[in-house]
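In: sharing a model that was predicted from the sequence below.
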Amino acid sequence: MSDEQAGGDDAVKAANAWNASVIEEFRANEGKVGGNFAGAPVLLLHTKGAKSGLERVNPMMYLDEDKRIFVFASKAGADTNPDWFANLVKTPDVIVELGGNTFNATATPLAGAERDRIYATQAERFPGFAEYQAKTARVIPVVELVRS
């Protein structure tokens, strides 16, 4: 294994440990978390691994607009989409934990003007999202989570 691969594995382990601690805190406090997410709207998105078929759970910020829930495949402005996005494209039936509630949903990526409007709203509320979009040439996907 190369040093680069080992470093990559360490980064994945660190990210997984961080996610696990956020998930634990989220569940212990009915959706409230601190750290980087303090005061932000956070949900847990359960997807089915596109390759493995295993359940994956990812904490992420969301936007609730007119009782519609949106998430953003920002990956902090990386040039690739996060794995969870590929998972829900392949299998759009997801589970959402929001506060103390858990529900089934269908994940629907948005396009065009509606995608742009929703992303702009999120970037206005949380300027980090504008920074993420500025860092990458890809259009960051916006996904609506529709209760099923």
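Out: Yes, it's here.

In: distance between the ends of stretch 132-146?
Out: Using CA to CA, to the nearest Å, the end-to-end distance of stretch 132-146 comes to 25 Å.

In: so for that stretch, mean pLDDT?
Out: Stretch 132-146 carries an average pLDDT of 97.

In: for it, give me every contacting residue.
Out: 45, 62, 68-81, 85, 88, 94, 96, 105-110, 115, 118-119, 122-123, 129 (CB atoms under 8 Å, 6 or more residues apart in numbering). Backbone N, C-alpha and C define where each C-beta goes, glycine included.

In: in stretch 123-138, which residues are buried?
Out: Buried positions in stretch 123-138, judged by neighbour count with 16 or more other CB atoms under 10 Å: Ala123, Phe126, Phe129, Tyr132, Gln133, Thr136.

In: pull up the pairing partners for the strand ranked longest in the chain, direction included.
Out: If you go by DSSP state E, the chain has its longest strand at strand 55-65. Strand 55-65 sits in its sheet next to strand 42-48 (antiparallel), strand 68-72 (antiparallel), going by DSSP bridges.

In: and that strand, how far out from the chain middle?
Out: On the basis of CA atoms, centre = their mean, to the nearest Å, strand 55-65 sits 4 Å off its chain's mean C-alpha point.

In: do stretch 83-99 as well
Out: 9 Å.

In: C-alpha coordinates for it, PDB please?
Out: This file holds the C-alpha atoms of stretch 83-99, laid out as PDB (Å, rounded to 0.1, in the frame of the first residue of the first chain):
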ATOM      1  CA  ASP A  83     -21.100   8.900  -2.400                       C
ATOM      2  CA  TRP A  84     -24.500   9.300  -0.800                       C
ATOM      3  CA  PHE A  85     -25.700  11.200  -4.000                       C
ATOM      4  CA  ALA A  86     -24.800   8.200  -6.200                       C
ATOM      5  CA  ASN A  87     -26.600   5.900  -3.800                       C
ATOM      6  CA  LEU A  88     -29.800   7.800  -3.900                       C
ATOM      7  CA  VAL A  89     -29.700   8.200  -7.700                       C
ATOM      8  CA  LYS A  90     -29.500   4.400  -8.000                       C
ATOM      9  CA  THR A  91     -32.000   3.800  -5.200                       C
ATOM     10  CA  PRO A  92     -34.200   6.900  -4.500                       C
ATOM     11  CA  ASP A  93     -36.100   5.300  -1.700                       C
ATOM     12  CA  VAL A  94     -34.400   6.600   1.500                       C
ATOM     13  CA  ILE A  95     -35.100   7.000   5.200                       C
ATOM     14  CA  VAL A  96     -34.900  10.400   6.900                       C
ATOM     15  CA  GLU A  97     -34.300  11.100  10.600                       C
ATOM     16  CA  LEU A  98     -35.400  14.600  11.400                       C
ATOM     17  CA  GLY A  99     -35.500  15.700  15.000                       C
END
